[in-house]
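Visitor: next one to model:
(2 chains)
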Amino acid sequence: GAVVSQHPSRVICKSGTSVKIECRSLDFQATTMFWYRQFPKKSLMLMATSNEGSKATYEQGVEKDKFLINHASLTLSTLTVTSAHPEDSSFYICSASRGGGYIQYFGAGTRLSVL
Amino acid sequence: KQEVTQIPAALSVPEGENLVLNCSFTDSAIYNLQWFRQDPGKGLTSLLLIQSSQREQTSGRLNASLDKSSGRSTLYIAASQPGDSATYLCAVVDAGQNFVFGPGTRLSVLP
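Guide: Just a heads-up that it's a prediction; the model follows:
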């Protein structure tokens, strides 16, 4: 149990376009979902935390207007990278928690390449 | 602010060797510590979770220890195999339920 599906696994887009990444908890209700960003050979950096039905909490330095997060249901959160630029190219990973954040279940990640 | 470091950054060993990966953290007020495996371009696979009250956890050839007072954890891999090649990340969950990840150790097990 506790499977988290992330889609797409890879996306290539032109500069200026917006990209949506979906994160779904397949067999449990995720009260909290997390979005991380990982640069090459670096560790994961938390971008934002979202609770179902409320606004996401962004970490310092993360532009909320650039990275739109929606957690519309207990099984789905989306991250939209708006007006993507090459510097947004990265590996994005979501995770989900049944309650609080002491145990998180991670998705397989999305490789975003902005040309 | 919690900081997590991992040593070594990279490790290459011949198949069959036992090895130890190290993780250190600066704030001992943790809720739990987790070890993950990450294959290139992939997400995270949870390996072991140690609650703050525990000293170690074992799963197959893997054994993780935790010394909260000194801010250290080790991941011991016995009889390493080429399939163990991956990046190993440790993460501490602090009092605010935040995951703080270390930079990882890139392990290569040579056949």
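
Visitor: poorly predicted segments of chain A, please.
Guide: Applying pLDDT under 70 to chain A flags the ranges A:1, A:100-101.

Visitor: which parts of it sit against chain B?
Guide: When proximity is defined by Cβ under 8 Å from any Cβ of the partner chain, chain A lies next to chain B at A:6, A:34, A:41-46, A:91, A:93, A:95, A:100-109, A:111. For glycine as for every other residue, the C-beta is placed from the backbone atoms N, C-alpha and C.

Visitor: of the residues you listed, buried ones?
Guide: With burial judged by 16 or more other Cβ atoms under 10 Å in any protein chain shown, the buried subset of the residues of chain A next to chain B is A:6, A:34, A:43-44, A:46, A:91, A:93, A:95, A:101, A:103-109, A:111.

Visitor: among these, which are located in strands?
Guide: By the criterion of DSSP state E, membership of those in strands covers A:Gln6, A:Phe34, A:Leu44, A:Leu46, A:Phe91, A:Ile93, A:Ser95, A:Tyr105, A:Phe106, A:Arg111.

Visitor: spatially, which two of those are the most separated?
Guide: A:Tyr105 and A:Arg111 (19.9 Å; Cβ to Cβ).

Visitor: quick one, what contacts B:Ala91?
Guide: For B:Ala91, the contacting residues are B:Val4, B:Leu33, B:Gln34, B:Trp35, B:Phe36, B:Phe99, B:Val100, B:Phe101, B:Gly102, by Cβ atoms under 8 Å, 6 or more residues apart in numbering or on different chains.

Visitor: mind running it again at 7 Å?
Guide: B:Gln34, B:Phe36, B:Phe99, B:Val100, B:Phe101 (Cβ atoms under 7 Å, 6 or more residues apart in numbering or on different chains).

Visitor: which residue, other than its chain neighbours, is closest to the fourth one?
Guide: Read it as B:Val100. Spatial nearest neighbour of B:Val100, chain neighbours left out: B:Gln2 (4.6 Å); criterion: Cβ to Cβ, 6 or more residues apart in numbering or on different chains.

Visitor: does the one you found touch B:Ala29 like I think?
Guide: No - with contact defined as Cβ atoms under 7 Å, B:Gln2 and B:Ala29 do not form a contacting pair (8.6 Å).

Visitor: between those two, which contacts overlap?
Guide: Residues within reach of B:Gln2 and of B:Ala29 at once, by Cβ under 7 Å, 6+ apart, are B:Asp94.

Visitor: quick one, which of those two is more surrounded?
Guide: Neighbour count, other Cβ atoms under 10 Å in any protein chain shown: between B:Gln2 and B:Ala29, B:Gln2 has more, with 18 against 12.

Visitor: assumed that one was part of a helix.
Guide: No - using DSSP: H, G, I helix; E, B strand; the rest coil, the assignment for B:Gln2 is coil, not a helix.

Visitor: what separates it from chain A, distance-wise?
Guide: With the distance defined as Cβ to the nearest Cβ, to the nearest Å, B:Gln2 ends up 12 Å from chain A.

Visitor: and that residue, how far is that from B:Gln54?
Guide: Distance of B:Gln2 to B:Gln54, given as Cβ to Cβ, to the nearest Å: 19 Å.

Visitor: one more: B:Ser12?
Guide: With Cβ to Cβ as the criterion, B:Ser12 and B:Gln54 are 31 Å apart.

Visitor: who has more neighbours out of these two?
Guide: The residue with more neighbours, out of B:Ser12 and B:Gln54, is B:Gln54; 14 against 11, by other Cβ under 10 Å.

Visitor: excluding residues flanking it in the chain, which one is nearest that one?
Guide: Nearest-residue entry for B:Gln54: B:Leu66, 6.4 Å, with adjacent residues in sequence omitted and distances by Cβ to Cβ, 6+ apart.
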